[in-house]
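Visitor: Return atomic coordinates for the entry below.
(one chain, ligands or ions: 1)
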Amino acid sequence: VEASIPEPQRAAWKKFSASEFKTKDEFEAEVVRHIETTLARSLFNCDEAAAYAGTALAFRDRLVIEWNRTQQQHTYADPKRVYYLSLEFLMGRALDNAMLNVGMKDIAKEGMSDLGFRMEDVIAQERDAALGNGGLGRLAACFLDSLATLNYPAWGYALRYKYGIFKQEIVNGYQVEVPDYWLDFNPWEFPRHDVTVDIQFYGNVRKYMDESGKQVSVWENGEIVNAVAYDAPIPGFGTRTTNNLRLWSSKASKGEFDFTKFNSGEYEASVADQQSAETISAVLYPNDSLERGKELRLKQQYFWCAASLFDIVRRFKKSKKAWKEFPNQVAIQLNDTHPTLAIPELQRILIDLEGLEWDEAWSIVQKTFGYTNHTVLPEALEKWSVPLFQHLLPRHLQIIYDINAIFLHYVERNFPKDREMLGRVSVIEESQPKMVRMAYLAVIGSHKVNGVAELHSDLIKTTIFKDFVKIYGPDKFTNVTNGITPRRWLHQANPRLSELIASKLGGYEFLRDLTLLHKIEAYVDDKDFRKNFQEIKYANKVRLAKYTKEVHGISVNPSALFDIQVKRMHEYKRQQLNIFGVIHRYLEIKAMSPEDRKKVQPRVSFFGGKAAPGYWMAKTVIHLICQVGEVVNNDKDIGDLLKVVFLEDYNVSKAEIIVPASDISEHISTAGTEASGTSNMKFVLNGGLVIGTCDGANIEITREVGEDNIFLFGVLSEDVEDLRHAHFYSEFNLDPMLSHVFETIRSGIFGDAGQFSALVNSIVEHGDYYLVSDDFKSYIDTHKLIDEAYKDQETWLTKTITSVSRMGFFSSDRCIDEYAEMIWNVEPLTPPKQNGA
Ligand code: NBY
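Guide: Next up is the predicted model:
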């Protein structure tokens, strides 16, 4: 490539090519230059926002240099690449992460102080990039961090939503949703106005025979929307590799205006067309577990899949390799079923546009895709109505019917005795209207399907994909237990703990190989280490207490046991079980003599999480938590013995304050419903213990840390079906403690009881689907054990240190290496040494 550029120009470029700041002075010079010239501000009007912008731009320059270098290296070496297709990337803030990954935070901190600012305040100026709902989106973000850190040539593809997940305000104890317009100032993205793709919708399919007698399909007419690429650099930790996250933004295809309309006097109409095109990437759907079948959502999915595949295919074609090499150059991972349209889209590109035969194309498709399932909840499985599909994507519907016909034919030949099977496994559900089952299409079009924790991966094989295991054999299905990046979730969120660990392990290598943590188990009896460890936990609790006071006006005692449940609000996650437990605790304390109260272990119960805007039951639970807080926090009998806090607008940056401050965190889903959970890992890694059910990754956490270091309770997943059944067919006996809780709610002390009746009735009258009544007693008993255990601070400390030292397995680096080996078949591409390039 370089040889094509004449020597004099090459020399000039080399001479003036941008370089990275290396010293504090150079850093300050860059910040001041950016503030004065890029932002056109000065010493006299430089506030914290400007200091943030200057710092971000200085680091961005560094990132861009390595980003360009990485992409050039990848273009030149042309290795097999991984493409992670996810409609969500819950990235949080970028600056702190960039400073730590590049390794210049200390220098920057001193530089900022010279310029009159505190780094924490500067970092806090950044808005979260909140392009996700919850665990699925955050997992994608952790994966990008690991992919770059491990030097895998990888790209993420998503949508550039104008509005991320809504901001949650609590007004009079109710959730109110406020739009999150986050793009006012975003130094981390680079518009690529030259990288665009035209995306087609609607229209019709014309079929004809060409000269050779081959049947040809042409998708014609309809509407064109333009996709514009926006790129963000993803730096690895302690490596020069800087990967790319490409976000697509939608735009009217004829540029600013439709000039025919414009010239014929339809100015408003032409602007309206433009806005309708821009609507496609306007907003992230805020449902984390319910598919609502909205046309705009399907449009988003196709827009994003088509743009990404066009881009991937364009890159592949530059290498001039034969099509059969495609799966050796490209691995595409589908993060849940949201990108399943990529399967028929690639088939369409290969047969309609590139002229491949069906079978050859289909074999390429199957080898290219892998599909990760994140849920077994029936209401979360994506289905699209056939008439909607026909209208929006007529050619894709034909291709899906063909895929299905060939598949069903295969099933029929191999399972001639099981006639029912055809209806069960068909991609088309024979309902009114007919529906396309996206998960089945994803299974059929991929070479591997994985669940996200052992139990979950077992469950998908025995429930939703049972028939597919018979059809394809068990090897198509595998497990990759989720992980988290220790860079953000230890080093960044808990710098003092990271430093303490580094002081014992002789450096920060554990952040690149988290299994090294096992070596700190040797210090579990070391007096100084224990003291420091405990002191850091206390300081993190003080930080959360301060935040709680400042933001919510509630004083909490940092010496109390901090009990935290933060995650999306959902009946299956059972925040209702938690708040019923809190009410029970309150009633118990109220009933005690002053003498007995002295023996009570003081607690603060923290909750946080967003409810999907249309999910009334989840909103009711938020309201109950807030109302219970009002009563308990103002009850003079109770004082510091119990506080209840609902932390508003839980998000990634708040998690970085909340997670390191727990003594106990709650992961209490009905067994078999939480695919993995990932915050459970974050809490334990930061020196907290878990109360949890035998569900998702709790089971593997138990295996790693040992049964003595976790508080498990509740029914097992294999018993859930029978218990549900029993609620309808035998007498429904409520535990007297739970009855008392319900009576108290009905008494109206937490406000108008009417608003909580649907919640209580879902248990006492409508079958208690999530088994709150079955698990209530063992939940309460387990909290008693926790109170007792916490009183013995020495033993508690031993449990937490031991647990931290055994969390090495849960790094997303381990997880990404497993994907690379078992699913993608890709190798890392090591960057050149700093000066040997
Ligand atoms: O994915 C979560 C699982 O509940 C959790 O157990 C797991 O640890 C995590 C990572 O594997 N799933 C999740 O967060 N799902 C969503 O956010 C989501 C978002 C959108 C839709 C469905 C689910 N949707 O249908 O639009």
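
Visitor: List, one by one, the residues from the stretch 1-150 of the chain near the ligand.
Guide: For the stretch 1-150 of the chain, the residues in contact with the ligand (C-beta under 6 Å from any ligand atom) are 133, 134, 135, 136, 137, 139. To be clear about C-beta, it is placed using only N, CA and C from the backbone, and glycine gets the same treatment.

Visitor: So which of those residues is the closest to residue 374?
Guide: Nearest to residue 374 among these, counting by C-beta to C-beta, is residue 136 at 5.3 Å.

Visitor: The closest one and residue 335 touch, don't they?
Guide: Yes: taking C-beta atoms under 8 Å as the definition, residue 136 is a contact partner of residue 335 at 6.6 Å.

Visitor: Now for those two: what residues contact both?
Guide: Common contact partners of residue 136 and residue 335 (C-beta atoms under 8 Å, 6 or more residues apart in numbering): 86, 88, 374.

Visitor: gap between the residue of the stretch 451-600 of the chain at minimum distance from the ligand and residue 472?
Guide: The minimum distance from the stretch 451-600 of the chain to the ligand, using C-beta to the nearest ligand atom, falls at residue 452 (4.0 Å). Counting by C-beta to C-beta, to the nearest Å, the separation of residue 452 from residue 472 is 20 Å.

Visitor: These two - which one has more neighbours?
Guide: Taking other C-beta atoms under 10 Å, residue 452 and residue 472 do not tie; residue 452 has more neighbours (28 against 15).

Visitor: how is the protein carved up into domains?
Guide: Listed domain ranges for the chain are 19-77+94-126, 78-93+128-479, 556-804 (source: automatic domain parsing).

Visitor: Now the last one: average pLDDT?
Guide: Along domain 556-804, the predicted local confidence has a mean pLDDT of 98.

Visitor: Is it positioned near the ligand?
Guide: Yes: Domain 556-804 lies within reach of the ligand by C-beta under 6 Å from any ligand atom, at 674, 675, 676, 677, 678, 696.

Visitor: Now distance to residue 524 too, for the domains of the chain, in JSON lines please.
Guide: As requested, the domains of the chain are exported to JSON lines (distance: least, C-beta to C-beta, whole Å):
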{"stretch": "domain 19-77+94-126", "distance to residue 524": "27"}
{"stretch": "domain 78-93+128-479", "distance to residue 524": "27"}
{"stretch": "domain 556-804", "distance to residue 524": "5"}
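
Visitor: ok, now which ones touch the residue in the chain positioned nearest to the ligand?
Guide: Using C-beta to the nearest ligand atom, residue 135 is the residue of the chain that sits closest to the ligand, at 2.9 Å. By C-beta under 8 Å, 6+ apart, the residues touching residue 135 are 374, 567, 568, 676, 677, 678, 679.

Visitor: Kindly report the same for residue 385.
Guide: By C-beta under 8 Å, 6+ apart, the residues touching residue 385 are 293, 433, 434, 435, 436.

Visitor: before we move on, back to that, I'd like the residues of the stretch 1-150 of the chain next to the ligand written out as JSON lines, with pLDDT added.
Guide: Shown next, in JSON lines, are these (pLDDT from 0 to 100):
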{"residue": "133", "pLDDT": "98"}
{"residue": "134", "pLDDT": "98"}
{"residue": "135", "pLDDT": "98"}
{"residue": "136", "pLDDT": "98"}
{"residue": "137", "pLDDT": "98"}
{"residue": "139", "pLDDT": "99"}
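
Visitor: Now do the phi/psi pair for the closest residue to residue 746 other than its chain neighbours.
Guide: Closest residue in space to residue 746, ignoring its immediate chain neighbours: residue 753 at 4.9 Å, by C-beta to C-beta, 6 or more residues apart in numbering. Phi and psi for residue 753, reported as degrees, to the nearest 10, are phi -60, psi -30.

Visitor: quick one on the thing from earlier: JSON lines please, covering the shared contacts of residue 136 and residue 335 and showing secondary structure.
Guide: Output for the shared contacts of residue 136 and residue 335, formatted as JSON lines (DSSP: H, G, I helix; E, B strand; the rest coil):
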{"residue": "86", "secondary structure": "coil"}
{"residue": "88", "secondary structure": "coil"}
{"residue": "374", "secondary structure": "coil"}
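
Visitor: tell me which element the residue of the chain positioned farthest from its centre is part of?
Guide: Largest separation from the mean C-alpha position in the chain: residue 211, at 50.5 Å (C-alpha atoms, centre = their mean). Using DSSP states H and E, residue 211 is not contained in any helix or strand.

Visitor: Let me know the next secondary structure element after the host helix or strand of residue 15.
Guide: Using DSSP H and E, residue 15 maps to helix 7-16. Counting by DSSP H and E, the next helix or strand C-terminal to helix 7-16 is helix 24-33.

Visitor: For residue 115, give me the pLDDT.
Guide: For residue 115, the pLDDT comes out at 96.

Visitor: ok, now which ones touch it?
Guide: When contacts are counted by C-beta under 8 Å, 6+ apart, residue 115 touches 28, 31, 32, 46, 51.

Visitor: quick check, nearest of the contacts of residue 385 to residue 327?
Guide: Of all the contacts of residue 385, residue 327 sits closest to residue 436, with 24.8 Å by C-beta to C-beta.

Visitor: What pLDDT is listed against the residue lying closest to that closest one once chain neighbours are set aside?
Guide: With C-beta to C-beta, 6+ apart as the criterion, residue 436 has its nearest non-adjacent residue at 4.8 Å, and that residue is residue 384. As predicted, residue 384 sits at a pLDDT of 97.

Visitor: just checking, residue 384 is part of a helix?
Guide: No: with three-state DSSP as the criterion, residue 384 is located in strand rather than a helix.

Visitor: Next, count neighbours for residue 448.
Guide: Around residue 448 there are 20 residues (other C-beta under 10 Å).

Visitor: Residue 476 is in contact with that one, correct?
Guide: Yes: assessed by C-beta under 8 Å, residue 448 is found in contact with residue 476 at 6.3 Å.

Visitor: out of the domains of the chain, which comes closest to residue 507?
Guide: Taking C-beta to C-beta, domain 78-93+128-479 is the member of the domains of the chain nearest to residue 507, at 10.7 Å.

Visitor: list the contacts for residue 650?
Guide: Residues near residue 650 by C-beta under 8 Å, 6+ apart: 168, 566, 567, 608, 609, 610, 658.

Visitor: Please state the backbone phi and psi of it?
Guide: Residue 650 adopts backbone torsions of phi -60, psi 130, taken as degrees, to the nearest 10.

Visitor: Check the spacing between it and residue 566 real quick.
Guide: 5 Å.

Visitor: what's the burial count for residue 60?
Guide: If you count neighbours by other C-beta under 10 Å, residue 60 ends up with 21.

Visitor: Up against the ligand, what does the stretch 251-400 of the chain have?
Guide: 285, 287, 288, 289, 291, 374, 375, 380, 382.

Visitor: Least confident of the residues you listed?
Guide: Minimum pLDDT across these is recorded for residue 291, with 73.

Visitor: Now stretch 722-730: buried residues?
Guide: Residues of stretch 722-730 classed as buried: 723, 724, 727 (neighbour count, 16 or more other C-beta atoms under 10 Å).

Visitor: State which helix of the protein is the longest.
Guide: In terms of residue count, the longest helix belonging to the chain (DSSP state H) is helix 48-77.
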